[in-house]
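> Below are the sequence and a predicted model for it; my questions follow.
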Protein chains: 4
Amino acid sequence: MKLRLGCELAYKVLAETVFIFNVEVAFLQRHLNLKDQLLFNPPLPYRTYQVPDLRNRYTQIVAPVGDLHLSYSAEVELDICRVDPAGVHEMPVKNLPLDILPYLLPSRFVPSDELATFAMREFGAFPHGHLRVEMICGWIYNNIEYRRGSSDAKTTATEVLIQRAGVCRDFAHLGISFCRALGIPARYVTCYAYGLSPSDFHAVFEAYLDGHWWLFDGTRQAALDGLVRIGIGRDAAEVAFATPFGLIEPGPIKIWIERTDGMMETGPRTTDAIRTEEDAPHAGAG
Amino acid sequence: MKLRLGCELAYKVLAETVFIFNVEVAFLQRHLNLKDQLLFNPPLPYRTYQVPDLRNRYTQIVAPVGDLHLSYSAEVELDICRVDPAGVHEMPVKNLPLDILPYLLPSRFVPSDELATFAMREFGAFPHGHLRVEMICGWIYNNIEYRRGSSDAKTTATEVLIQRAGVCRDFAHLGISFCRALGIPARYVTCYAYGLSPSDFHAVFEAYLDGHWWLFDGTRQAALDGLVRIGIGRDAAEVAFATPFGLIEPGPIKIWIERTDGMMETGPRTTDAIRTEEDAPHAGAG
Amino acid sequence: MKLRLGCELAYKVLAETVFIFNVEVAFLQRHLNLKDQLLFNPPLPYRTYQVPDLRNRYTQIVAPVGDLHLSYSAEVELDICRVDPAGVHEMPVKNLPLDILPYLLPSRFVPSDELATFAMREFGAFPHGHLRVEMICGWIYNNIEYRRGSSDAKTTATEVLIQRAGVCRDFAHLGISFCRALGIPARYVTCYAYGLSPSDFHAVFEAYLDGHWWLFDGTRQAALDGLVRIGIGRDAAEVAFATPFGLIEPGPIKIWIERTDGMMETGPRTTDAIRTEEDAPHAGAG
Amino acid sequence: MKLRLGCELAYKVLAETVFIFNVEVAFLQRHLNLKDQLLFNPPLPYRTYQVPDLRNRYTQIVAPVGDLHLSYSAEVELDICRVDPAGVHEMPVKNLPLDILPYLLPSRFVPSDELATFAMREFGAFPHGHLRVEMICGWIYNNIEYRRGSSDAKTTATEVLIQRAGVCRDFAHLGISFCRALGIPARYVTCYAYGLSPSDFHAVFEAYLDGHWWLFDGTRQAALDGLVRIGIGRDAAEVAFATPFGLIEPGPIKIWIERTDGMMETGPRTTDAIRTEEDAPHAGAG
């Protein structure tokens, strides 16, 4: 699938502000022929940083008082790895690579320790494997209402579970919580999502099964085979699209994504398991 | 300072259990002539993993039903880097290396986002630099009661601040919270602590100032120049001394540390700033 | 049903302590032929207070340093009002007496406002009436584990729902939360419970349906037709069996209850709706 | 002080909605020559209820779909009881009337049990009496920012303390929390406040000292000798100015209050202790 995508962000900077942006498409093998461009207006010097292994790309600027405008555009071809979910099994903790273990730990918005009993009681008896995580997504879809404005930047998965409402960020946090509580490593993914309506930054999650990471989305709002990854983190805290240190007033946001291969819209939601490429051999995996 | 130290842990394993231990002294340049040995009884095969950069050492075993005993002993010489604290300044966020930024983010037990206003109101007007973090430690020491049993494995820094009581883990979490809220990167440190009484695993924290990490301890229970690092993490979740997956009953714990250089006990608490060595050049620092 | 019951409480008083006790059987019309006696050792002067309408009996003493022993014993005959639950309907809020409305409001351990959406999604579509509250009790029974030590004096219904475990206090708080969230007035009841094993103070709840209060118990541990009421409150905060202001060390507690009418043990759990008598005509009910 | 006051509330009723309003001036002895009128447009039948002792006045209507407008106006003369605060002492718990004790208990938005240690450490050593509560108000005024929009209908005093911001409701909840934690009965008061700018419903609190209730206001925004009481409750849950059961869209709110005795604006904030009249002899006080 060939895609053209991008975003426009605008801010009123009221006092000198350091921004860390994480809006660029990650440098991954499955992101073929990536060409992209990040522009600031006014033009500003910037520093960039790519996280080893995860390959998140961060760009830092120091914005002076005044209007700031960011414009990002990219072209990319997605190389999707599809697998029959029936053959994707869970791994016993003893077989997990040791560098994967941090994704079993609780984090700021994913208090999986608090939700341990809840997860065991709801999902403990489900058949293990890719299907169990898919069933967790189904449970979230059926039990949590997708409602704009129902959560804010401090909302945790536990609060989402109680208030029974959230947005994509919260659906992902809750799915990650349940997975970790069940001994399945899971992590947070930000992306451009083909087919999402209205267009916006999207958040989904990955679970670690059978030695690979697999995509899941409890919101069921976008096609799992149309996601272009921006960043990976323990939870939303690590991959905010913009982290400002200073004093600003946010302006309008625009995100867009479209096919450029002349193909028609996607059909029904895929039932394949979607594997995200293995970035590097795992330490301690022997 | 030459030290001999170690620990003994015992468990009743009620069902096959995967343990991840993090009790070994980290491989650091300032840990001179480190010789150590980790033994299990019954003897068991194990896997080890060292975190890049941080150099935490994790050891994993799969323990069968029955008694399990871990015994660790080490000899090490500490190479302490002392600096006059008056010359240690805070860094503006715009000058921070980008790979340090995760230590500004909130984490499971360090909800620094919740405590932002609290920190600004209490400490915003303090003189900046090493002294400000030292004053934060003083505030914690004066306002939080050290009380065994006052917290558990799920207690966050916010709860500690409300209940006004905690143990070393909680003092560290609160100090880290305030630092992050003020724009000072901070991280959690587990260690063997010379002079701590009664002897136990200890937790302190490091703040990032002037391009280096510096040790701080709000409990004032151990000498900052007598700490032997085990692990570094965002918070306690990442560096538990034992993380069991299975079913166990914990037995007695014994930790010990003593000087082997014939020197007398430490005198008064040091007023030097104690720098922990720079492990590697920072990415994105140019 | 004729019953003999009582309790023995013991304390070490370390500094002069004011105690408010609420252990005496309430003066209700359905508590026939009540004879009881409350004794302190050492003998102490006391003040008593009976709450209007609710008829909770509070006794206050000022205990000097030393041992304190309370002994309470009572004989009472229960006049049980049984009704076919099928005929017990919910009342629209507009028809509720206005003095009942406080039992729709959230309270310390019953944050029914937080649980509003949860309750609506789980129980909104259930058939209304006595049966709905009974189904709520069934849900609690099936989803919450009764586990001693799983909660403490500060645990709220929301926490119980997350941790999926609690004791009778917590089961009652959760049932009350769901009822209030659904527009059904509900309140907390402490009692002596015939058949409870091991014997202890018990907590259940009442819901207001069809112009009367009806007993419910999500723990299913005692017979609803064998409860002798001590107190009524918004939640546990108002009807603690002992509220000490001072410095004490609690000693052993003993609660006992037995039939004195020569009848055999109760058979299967009653399926009748159990109505508690109407204490007084309601204000604003016209 | 002679006052004319009132409010206008407007709603779009989207489905039949039961409203409980609590906007009318309480029938108190110190509210001299009270004349008032509550009107609904469209005109609707209503039920009223006055809480015994507290004398809160509640009015219930059932509003059909369409626009609803409430208009309340009153004239009243305030009989203020001023006392030198130096002579107003705290009462030991053992001397408190037993019917006052509920105001020592934690409630939904006043988790005084959580804040017990905090209160003892901050205020335990202050001189006891009216002055201590006044110093608590000063601490709140200095440490909590008054900021519109910083809290919502579910915000507790603990959250206010952490976020260091709130509105009058939150200032009152925090003051009540500290008082209860220190053994001083305290309760929530809603009122019309002369001099408040911009005009709005106001919330303050009362503490029980020397056998009487006394007014306190941590916001320092209105004159304590210009408050006209609407309601008394354990906390805001009990005295919302409007409690709707149904589906509505709130419209604009207007509150007004002005002097009618030709007197000039109030001068500096009073330093007198302001006593609210004793409604009835207390039970169990002998």
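Done, it's in.
> May I ask which helix or strand encompasses residue A:208?
Here residue A:208, judged by DSSP states H and E, is contained in strand A:201-209.
> what angle separates the strand or helix carrying residue A:190 from strand A:201-209?
Here residue A:190 is covered by strand A:186-193, with elements defined by DSSP H and E. Comparing the axes of strand A:186-193 and strand A:201-209 via axes from the mean of the first three to the mean of the last three Cα atoms, to 10 degrees yields an angle of 140 degrees.
> Let me know whether strand A:186-193 sits next to chain B.
No - judged by Cβ under 8 Å from any Cβ of the partner chain, strand A:186-193 makes no contact with chain B; its nearest approach is 12.5 Å. (Glycine included, C-beta is placed from N, CA and C.)
> and the stretch 51-200 of chain A, which of its residues are near chain C?
With Cβ under 8 Å from any Cβ as the criterion, the stretch 51-200 of chain A meets chain C at residues A:114-115, A:117-118, A:121, A:143, A:145, A:158, A:161-165.
> near chain B, from those residues?
Judged by Cβ under 8 Å from any Cβ, the overlap between these and the neighbourhood of chain B comprises residue A:114.
> rewinding a little: parallel or antiparallel, list what pairs with the next helix or strand after the strand holding residue A:208.
Past strand A:201-209, heading to the C-terminal end, the next element that is a helix or strand (DSSP H and E) is strand A:212-216. Its sheet considered, strand A:212-216 pairs with strand A:201-209 (antiparallel), strand A:273-276 (antiparallel) by DSSP bridges.
> The closest residue to chain C within the stretch 151-286 of chain A: how many residues sit nearby?
Among residues of the stretch 151-286 of chain A, the one nearest chain C by Cβ to the nearest Cβ turns out to be residue A:164. It sits 4.2 Å away. Counted with other Cβ atoms under 10 Å in any protein chain shown, residues neighbouring residue A:164 total 19.
> Can you lay out the residues of the stretch 51-200 of chain A next to chain C as TSV showing secondary structure and pLDDT?
As requested, these are arranged in TSV below (DSSP: H, G, I helix; E, B strand; the rest coil; pLDDT from 0 to 100):
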residue	secondary structure	pLDDT
A:114	coil	96
A:115	coil	96
A:117	helix	94
A:118	helix	95
A:121	helix	93
A:143	helix	96
A:145	strand	96
A:158	helix	97
A:161	helix	96
A:162	helix	96
A:163	helix	95
A:164	coil	95
A:165	strand	96
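> Pull out the buried positions in the strand holding residue A:208.
For strand A:201-209, burial by neighbour count (16 or more other Cβ atoms under 10 Å in any protein chain shown) applies to A:201, A:202, A:203, A:204, A:205, A:206, A:207, A:208, A:209.
> can you check stretch A:39-56 too?
In stretch A:39-56, residues buried by neighbour count (16+ other Cβ under 10 Å) are A:40, A:47, A:49, A:50, A:51, A:54, A:55, A:56.
> Output these as CSV; include the columns distance to residue D:28.
What follows is the buried residues of stretch A:39-56, written out as CSV (distance: Cβ to Cβ, whole Å):
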residue, distance to residue D:28
A:40, 64
A:47, 66
A:49, 66
A:50, 70
A:51, 66
A:54, 66
A:55, 70
A:56, 64
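> now, which of those residues sits nearest residue A:88?
residue A:54 (21.9 Å; Cβ to Cβ).
> Tell me if I'm right that the closest one and residue A:234 touch.
No - because the distance of 10.7 Å does not satisfy Cβ atoms under 8 Å, residue A:54 is recorded as not touching residue A:234.
> got TSV for the strands paired with strand A:212-216, with mean pLDDT too?
Formatted as TSV, the entries for those read as follows, by pLDDT from 0 to 100:
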stretch	mean pLDDT
strand A:201-209	97
strand A:273-276	92
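> Of all these, which one comes closest to residue B:182?
Each of those was scored for nearness to residue B:182 using Cβ to Cβ, and the closest is strand A:201-209 (28.4 Å).
> Where do the strands of chain A begin and end?
Taking DSSP state E as the test, the strands found in chain A are A:2-21, A:31-41, A:47-50, A:57-63, A:66-78, A:81-83, A:145-146, A:165-166, A:186-193, A:201-209, A:212-216, A:227-233, A:242-259, A:273-276.
> and among those strands, the most buried is which?
The highest mean neighbour count among these belongs to strand A:186-193 (a mean of 27), with neighbours defined as mean count of other Cβ atoms under 10 Å in any protein chain shown.
> Pairing partners for that one, with directions?
Checking strand A:186-193 against DSSP bridges gives partners strand A:201-209 (antiparallel), strand A:227-233 (antiparallel).
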